[in-house]
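Student: below are the sequence and a predicted model; questions follow.
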Amino acid sequence: MRRILLLLFIGFAVSLTSCRNDFEFEPSTGDLRFSKDTVYLDTVFTNIGSSTYTLKVYNRSNKNINIPSIRLGEGEASKYRLMVDGIPGKVFNNIELLAKDSMFVFIETTIDYNEYANNTTTFLYNDKIYFDNGANEQKVELVTLVQDAIFIKPDRPLPTDAKETLNVNGLDDDILGHELTTPEELHWTNDKPYVVYGYALVPNGRTLSIDPGTRVHFHADSGLIVDSSGTLNVNGTLSSDPETLENEVIFEGDRLEPGFADVPGQWGTVFLMSGNDNQINHLTIKNAVIGLLVERANEDQPATPKLNITNSQIYNSSVYGMLAQRSVVNGDNLVINNAGEAGLACSLGGTYRFRHCTFGNHYSTFNQVPVLVVDYLDTEQGTLVADVDAKFENCILYGSSNYGILFDRKGADTNPPTSFNVDLDHCLIKFSDYSNQFTGKELYKFENSTEFDMVFYNQCLYAKTSTENNPEFFAPNRNNLNIIQGESAAEGVAGQAVANSVPFDINGVSRTNAPDIGAYESTVMPE
């Protein structure tokens, strides 16, 4: 037994020695390989932390190595932060890396723009990660564009440490936000981008004016509220560069990394409950929960929300592009695409007129529709109904689902019944009713009609199959709903009288001669 135990002990010692030899580490010789020569941390706003970026470091050799030093060039003073082997810091010593193995270096930054005085609103911040030193030293560049901004936050000085909340009739009192009161707060310019935390409130009797080229970035669960007698004027103008949109006003989230460019639901909504003449021109809204919410806050609110919106775009909304309830909305050259429920939802009645608009929906599934028109709203207190009067002229209603427009009516059974008048005139409509579930239903009689309380279809084109009367959008999944010249069914068939009243398309192209249906006149698709 003693001999057996001795042999086991010797075998165990040999195995330990063998393992120790396998994991002997030699000094690095400067032959590391990297997933990137330069790590671009994209654009960050002053004092807002970046996302976490990844650098992968490879040991391609057959030897286990010891990296004597991994450090930021500016050392502890650097505005970058690293995590190496799960340990946070800015300077690391004796990092081991096995043969044919790799490791991750995670990189973040937070930079105060005011520490770097310059004459512009942006600057590049640079540093380097150094691996090893002396003759074996290697480096990876770090680059970040830092942008100055104007912050609107719920942090007005209060008697206590509580955050500022909004007092809006019909809304919860615990909505974090900031009431815009000063002339500077009520005039947004293009000098610097705006970053909004919580909800910015345009109070009663005040007007928020937004200049051409203004950029507004909303944090998560943030947005803009216009109270019942406040006013919103978005004064964007036509841009000469379709890529930079230098004169467009843009509302989007505050995550500036390319990976967030088209992610829906990053912020809340623009909530318009004002009964004044609100004007929106050349506004792009991206990646909200509801792009535009136009409705009364409650039953006691006397104002009927009113909006004139022209030459504007709403993309990538997680629920609705525009949700309007008991409102008055006029839209010309409006484009809405990609929404989780419906691009445009006219709910609980209202008065709506849309001319030369393009309503698409090419969301992640096939259950969403471009346009939904209903006359009711289900609440905890019961079902509310209201009259609907909607008119679509020279509009495209076409998405990836089978139906470009759907209706739902409950007011026919009330006493007195509500009116449900929807007029579609010279529109291109996708309606592929393969299962015949809408055949014979009153609201879906695709024929000219003058009957009361019905949907009127006048001189419309219908896409009853996936290939029939296709508008031939450039790239609908990427929110490019321009139509292809020589291929689109929408070419040259719009009503001339309506086109004369909206004589230029959203890009400023004349449509007074043989006009096309939709917000865009056809053009040659770039190669």
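Tutor: Right, received. Where do you want to start?
Student: any weak-confidence spans in the stretch 351-500 of the chain?
Tutor: Residues of the stretch 351-500 of the chain that meet the criterion pLDDT under 70 lie in 365-366, 446-453.
Student: residue boundaries of the helices in it?
Tutor: Taking DSSP state H, counting those that start in this stretch to define them, one finds helices in the stretch 351-500 of the chain at 496-501.
Student: mind jotting down where the strands sit in it?
Tutor: For the stretch 351-500 of the chain, the strands defined by DSSP state E, counting those that start in this stretch cover 358-359, 369-374, 376-379, 382-385, 388-393, 396-397, 405-408, 420-425, 428-430, 455-458, 461-463, 473-475, 480-483.
Student: how about residues contacting the last one?
Tutor: Spelled out, it's strand 480-483. Outside strand 480-483, the residues that touch it by C-beta atoms under 8 Å, 6 or more residues apart in numbering are 335, 337, 358, 360, 396, 471-474, 490-491, 516, 518-520, 522-523, 525. All C-beta atoms are positioned from the backbone trio N, CA, C, and that covers glycine.
Student: apply 6 Å and report the result again.
Tutor: For strand 480-483, contacts defined as C-beta atoms under 6 Å, 6 or more residues apart in numbering pick out Val335, Asn337, Thr358, Gly360, Pro471, Glu472, Phe473, Phe474, Ala490, Tyr520, Ser522, Thr523.
Student: and the third one, how many neighbours?
Tutor: In other words, Thr358. A total of 30 residues lie near Thr358 under the criterion other C-beta atoms under 10 Å.
Student: hey, which strand is longest across this structure?
Tutor: As assigned by DSSP state E, the longest strand anywhere in the chain is strand 320-339.
Student: can you state the direction angle for that strand and strand 369-374?
Tutor: If you take axes from the mean of the first three to the mean of the last three C-alpha atoms, to 10 degrees, strand 320-339 sits at 150 degrees to strand 369-374.
Student: what angle do strand 320-339 and strand 388-393 make?
Tutor: Taking the same axes, to 10 degrees, strand 320-339 and strand 388-393 form an angle of 40 degrees between their directions.
Student: just checking: what are the partner strands of strand 320-339?
Tutor: Partner strands and pairing direction for strand 320-339 (DSSP bridges) are strand 288-294 (parallel), strand 306-317 (parallel), strand 342-355 (parallel), strand 358-359 (parallel).
Student: so which of these is the most surrounded?
Tutor: The highest mean neighbour count among the strands paired with strand 320-339, using mean count of other C-beta atoms under 10 Å, belongs to strand 358-359: a mean of 32.
Student: follow-up on the earlier one: roughly how far is the longest strand of the chain from the heart of the chain?
Tutor: Computed by C-alpha atoms, centre = their mean, to the nearest Å, the chain-centroid distance of strand 320-339 equals 16 Å.
Student: may I have that strand as PDB, with CA atoms only?
Tutor: What follows is strand 320-339, C-alpha atoms only, in PDB (Å, rounded to 0.1, in the frame of the first residue of the first chain):
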ATOM      1  CA  TYR A 320     -47.200  54.300 -34.700                       C
ATOM      2  CA  GLY A 321     -45.600  56.800 -37.100                       C
ATOM      3  CA  MET A 322     -48.400  59.200 -36.400                       C
ATOM      4  CA  LEU A 323     -51.400  58.500 -34.100                       C
ATOM      5  CA  ALA A 324     -54.100  61.200 -34.400                       C
ATOM      6  CA  GLN A 325     -57.300  61.100 -32.300                       C
ATOM      7  CA  ARG A 326     -60.200  63.600 -32.700                       C
ATOM      8  CA  SER A 327     -57.800  66.000 -34.400                       C
ATOM      9  CA  VAL A 328     -57.600  68.200 -37.400                       C
ATOM     10  CA  VAL A 329     -54.500  67.200 -39.500                       C
ATOM     11  CA  ASN A 330     -53.600  68.400 -43.000                       C
ATOM     12  CA  GLY A 331     -50.600  66.800 -44.600                       C
ATOM     13  CA  ASP A 332     -48.800  67.500 -47.900                       C
ATOM     14  CA  ASN A 333     -45.700  65.600 -49.100                       C
ATOM     15  CA  LEU A 334     -45.700  63.500 -46.000                       C
ATOM     16  CA  VAL A 335     -43.800  60.200 -46.000                       C
ATOM     17  CA  ILE A 336     -44.300  57.600 -43.200                       C
ATOM     18  CA  ASN A 337     -42.600  54.200 -43.300                       C
ATOM     19  CA  ASN A 338     -41.800  51.300 -40.900                       C
ATOM     20  CA  ALA A 339     -44.000  51.200 -37.800                       C
END
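Student: pull out the buried residues from it.
Tutor: 320-339 (16 or more other C-beta atoms under 10 Å).
Student: quick one on the thing from earlier: the strands paired with strand 320-339: which one's closest to Ile129?
Tutor: Closest to Ile129 of the strands paired with strand 320-339 is strand 306-317 (C-beta to C-beta; 34.9 Å).
Student: from the chain's centre, how far out does that closest one sit?
Tutor: 13 Å.
Student: contacts made by that strand with the rest, please.
Tutor: Residues from elsewhere that reach strand 306-317 (C-beta under 6 Å, 6+ apart): 262, 264, 275, 277-288, 291, 294, 321, 328-339, 479, 506.
Student: now with 7 Å?
Tutor: 262, 264, 272, 275-292, 294, 321-322, 327-340, 479, 506 (C-beta atoms under 7 Å, 6 or more residues apart in numbering).
Student: for the closest residue to Ser501 other than its chain neighbours, name its beta-bridge partners.
Tutor: Nearest residue to Ser501, sequence neighbours excluded (C-beta to C-beta, 6 or more residues apart in numbering): Arg355, at 7.0 Å. Beta-bridge pairing for Arg355 (DSSP bridges): Asp332, Glu393.
Student: residues in contact with Arg355?
Tutor: By C-beta under 7 Å, 6+ apart, the contact list for Arg355 reads Asp332, Glu393, Asn394, Val498, Val502.
Student: how does it look with 10 Å?
Tutor: Going by C-beta atoms under 10 Å, 6 or more residues apart in numbering, Arg355 touches 310, 330-334, 391-395, 425, 494-495, 498-499, 501-502, 519.
Student: do Gln437 as well
Tutor: By C-beta under 10 Å, 6+ apart, the residues touching Gln437 are Tyr444.
Student: please report how far it lies from Gln313.
Tutor: To Gln313, Gln437 is 32 Å away according to C-beta to C-beta, to the nearest Å.
Student: quick one, what contacts Pro212?
Tutor: 189-190, 234-239, 246-249, 281-282.
Student: hmm, I was thinking of Leu256
Tutor: Residues counted as contacts of Leu256 (C-beta under 10 Å, 6+ apart) are Asp42, Thr43, Val44, Phe45, Ile48, Ser50, Ser51, Leu145, Gln147, Pro193, His217.
Student: element containing the second one?
Tutor: Counting by DSSP states H and E, the secondary-structure element that holds Thr43 is strand 38-45.
Student: that concludes my questions; thank you for your assistance.
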